[in-house]
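Enquirer: okay, here's the prediction I keep looking at, along with the sequence it came from:
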Amino acid sequence: QVQLVESGGGLVQPGGSLRLSCAASGFTFSLYAMSWYRQPPGTERELVATITSTGGSTSYADSVKGRFTISRDNAKNTMYLEMNSLKPEDTAVYSCTRLSGPRGSWSEDYWGKGTLVTVSS
């Protein structure tokens, strides 16, 4: 069955860096676009970044553009989120999701359980 497992979260000081991983199994990873979402405490979940199946195209929320980098290694069935210059407002549970459907009409069909990132001094 499809499984998405996030790792790499933790406590980091403002200005620090973290790299999150999303390990995928149970499907042909290289055929699917993927996204990272986050849910800050007490607020709605928000889209952070998206990457196409080949990794050839990426997009970012304005709030993380220039600080976060999404990437993937299809040989390892893993997606990454490199987060730099972290701010307290980046504190959230970060989840990865698989996207299905035609490009431009993607929908999220499977989710990981998430990993908590806390940015605090």
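Expert: Received it, and whenever you're ready, just let me know what you need.
Enquirer: so for stretch 108-120, mean pLDDT?
Expert: What stretch 108-120 shows for mean pLDDT is 97.
Enquirer: what score does the residue nearest the centre of the chain have for pLDDT?
Expert: Nearest to the mean C-alpha position of the chain, counting by Cα atoms, centre = their mean, stands Trp36 at 2.5 Å. In this model, Trp36 is scored at 98, pLDDT.
Enquirer: now do the lowest-mean-pLDDT helix or strand in the chain: which elements does it pack against?
Expert: When each helix and strand of the chain is scored by mean pLDDT, DSSP states H and E, strand 107-111 comes last, with a mean of 94. Where contact means 3 or more Cβ pairs under 8 Å, 6 or more residues apart in numbering; DSSP states H and E, strand 107-111 is packed against strand 92-100. For every residue, glycine as well, the C-beta is placed using N, CA and C.
Enquirer: and the strand it packs on, what does it pack against?
Expert: Against strand 92-100 (3+ Cβ pairs under 8 Å, 6+ apart) you get strand 3-7, strand 18-25, strand 34-39, strand 107-111, strand 115-119.
Enquirer: what lines up beside the fourth one in the sheet?
Expert: In other words, strand 107-111. Next to strand 107-111 in the sheet, as set by DSSP bridges, lie strand 92-100 (antiparallel).
Enquirer: so what touches the strand it pairs with?
Expert: Counting contacts by Cβ atoms under 8 Å, 6 or more residues apart in numbering, the residues outside strand 92-100 that touch it are 2, 4, 6, 9, 20, 22, 24, 27, 32-41, 45, 48, 50, 79, 81, 106-117.
Enquirer: could you flag which of those are buried?
Expert: 4, 6, 9, 20, 22, 24, 32-38, 48, 50, 79, 81, 106, 108, 110-112, 114-115, 117 (16 or more other Cβ atoms under 10 Å).
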